[in-house]
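**Q** Got a sequence here, can you model it:
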Amino acid sequence: MWKDWLRPFVRALPQWSPVAIPSPQQVVAASLRSDDGKSRDVTAAHTVASLKPLTIATGFDAGQRAVLEYRDNATGTLLGVLRLVRTDSVVTGGTPVAFYRIAAGEHHCLGWPRRSWNAWLQNRAMRRSPHPSLMDFDAVQQLMIAYLCPRPVVLVSVAAPGHSNIFPMDLIGPLEQGGLFSLALRSTNVSVPVMRTVRQVALSGMPATMKAIVYKLAEHHRQPLHDWAALPFPARPSQTFGIPAVAAALRVRELTIVDSREIGSHVFFLCRVVSEQDLAEGPQLHHTAGFHQAFRRRQGMPLADA
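**A** From the prediction side, this is the model:
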């Protein structure tokens, strides 16, 4: 019994929790408050554009300084806050997109002093890891706050003469009010040059039950796929482009890429949805912050683990 009581104080919570929920998620709402005090619902209108520097993209220009708030939809509880500074804005196909650097952030999923202690434990684990992080400690903590809105996981399919690939992503999302859909892909991904040339991809929304297979395909961020037939699941051609997508996917979206730009460590793709097929019902694999799942467990309303 005493070990159960002591464990949270000697072992860090996981940074990320894989969960199984319907898509689009209805668990957490995000609002963007501009420097003039106006607030807008951006639950389906903001996304992570780069990890280094940690950058948020949104379809609303909220001025030079803005605040992004995350609240639990069931209770209205404020879960976390990100304080933003605008770095750039563009217009793509008549749609404005604003980019914000995260200047600071805090969450309320853990009480004091456990909140600070858990961050220290997580930072210590990062220092001891044999795989150095792309991001500094503060940025990782801020990224976890951005994941209070659970992020859906998809498999991205790319097909071109001489190049085929399929790999998982969760730095994706709509900029709903402008009809754009975004992908933020690390610039070292082997398929980035091909995507910038062919400007077509297919996204397969993945059932939570296929988590292990999805994670195994992360190796294709570094190496292309040599044979579609070698995949551990059946594929089917997408509706318009004929790109192989996952036959067991819950949903398949086809995107045409209208703009791409380098933002630090990532290439940020702005896309239009060409087709969208709902193929099955069921919970989709999502990622959220570990401290968010811990909060929900304490409240007696945990998300289903994937």
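**Q** For this protein, just list every one of the helices.
**A** 2-10, 114-128, 137-146, 192-198, 211-216, 290-298 (DSSP state H).
**Q** Between these, which one is closest to Gly173.
**A** helix 137-146 (10.7 Å; CB to CB). In short, each C-beta sits where N, CA and C put it, glycine included.
**Q** how about the closest one: buried residues?
**A** 139-146 (16 or more other CB atoms under 10 Å).
**Q** and if you look at stretch 42-56?
**A** For stretch 42-56, by 16+ other CB under 10 Å, it's 42-51, 54-56.
**Q** next one: stretch 32-44
**A** For stretch 32-44, by 16+ other CB under 10 Å, it's 32-34, 40, 42-44.
**Q** Please produce TSV containing the residues you listed, extended by distance to Phe291 and pLDDT.
**A** Formatted as TSV, the buried residues of stretch 32-44 follow (distance: CB to CB, whole Å; pLDDT from 0 to 100):
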residue	distance to Phe291	pLDDT
Leu32	22	97
Arg33	23	96
Ser34	27	92
Arg40	26	94
Val42	22	96
Thr43	20	96
Ala44	23	95
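**Q** So of those residues, which two are at opposite extremes in space?
**A** Farthest pair in the buried residues of stretch 32-44, by CB to CB: Ser34 and Ala44, 18.1 Å.
**Q** from the buried residues of helix 137-146, which is closest to Val258?
**A** Ala146 (24.2 Å).
**Q** Next step: the buried residues of stretch 32-44 restricted to strands.
**A** Mapping the buried residues of stretch 32-44 onto strands (DSSP state E) picks out 32-33, 40.
**Q** Could you give me the buried positions within stretch 247-256?
**A** Applying 16+ other CB under 10 Å to stretch 247-256 flags 248-255 as buried.
**Q** Among those residues, which are located in strands?
**A** 251-255.
**Q** How is this structure partitioned into domains?
**A** Listed domain ranges for the chain are 26-149, 151-286 (source: automatic domain parsing).
**Q** Kindly reformat the buried residues of helix 137-146 as TSV containing pLDDT.
**A** What follows is the buried residues of helix 137-146, written out as TSV (pLDDT from 0 to 100):
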residue	pLDDT
Ala139	96
Val140	96
Gln141	97
Gln142	98
Leu143	98
Met144	98
Ile145	98
Ala146	98
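**Q** can you tell me which of those lies nearest to Ala98?
**A** Ala146 (15.7 Å).
**Q** Without its sequence neighbours, what residue ends up closest to the closest one?
**A** Nearest residue to Ala146, sequence neighbours excluded (CB to CB, 6 or more residues apart in numbering): Val48, at 5.8 Å.
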